[in-house]
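**Q** Requesting a structural model of the entry that follows:
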Amino acid sequence: MTKESVFTMKLEPELRADFMAEAQAAHRPASQVVRDLMREFVQRQREAREYDAFLSSKVEAGRASMVAGTGHLNEEVESIFAARRAELTNQT
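**A** Reported below is the predicted structural model:
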């Protein structure tokens, strides 16, 4: 991957010293550690947004099913699955 940008940031001297020491102890260039941290951050943010979108769609689908009268109350679902758990427990 071509490196075409320079990223400058201000750090507390103690944080920089600790970071540089840890990167050296890991036998890795500090710039590579920072790039890895940035990639991990970007990936986590994307996954969080995707999960939020997934969850929002599920909540909206649930709300729509309740408005349409096709949904089930929590008590009904709990009762159905309690019966299923009991059935499975008795099969063993």
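**Q** Could you report the separation of R39 from V6?
**A** Look at R39 and V6: by CB to CB, to the nearest Å, they are 17 Å apart. C-beta coordinates here come from the backbone N, C-alpha and C atoms, glycine included.
**Q** which one of the two has more residues nearby?
**A** Here R39 and V6 are set side by side on neighbour count (other CB atoms under 10 Å), and the busier one is R39, at 10 against 5.
**Q** Figure out how far the host helix or strand of V42 is from the centre of its chain.
**A** Element membership of V42 [criterion: DSSP states H and E] is helix 30-68. Here helix 30-68 shows a centroid-to-chain-centroid distance of 6 Å under the convention CA atoms, centre = their mean, to the nearest Å.
**Q** That helix - contacts with which helices or strands?
**A** Packing partners of helix 30-68 (3 or more CB pairs under 8 Å, 6 or more residues apart in numbering; DSSP states H and E): helix 13-25.
**Q** quick one, phi/psi of T70?
**A** Main-chain torsions, T70, degrees, to the nearest 10: phi -100, psi 0.
**Q** So H72: helix, strand or coil?
**A** Look at H72: counting by DSSP: H, G, I helix; E, B strand; the rest coil, its state is coil.
**Q** Identify the residue spatially nearest to it, adjacent ones excluded.
**A** The shortest distance from H72 to any non-neighbouring residue, by CB to CB, 6 or more residues apart in numbering, is to I80 (7.9 Å).
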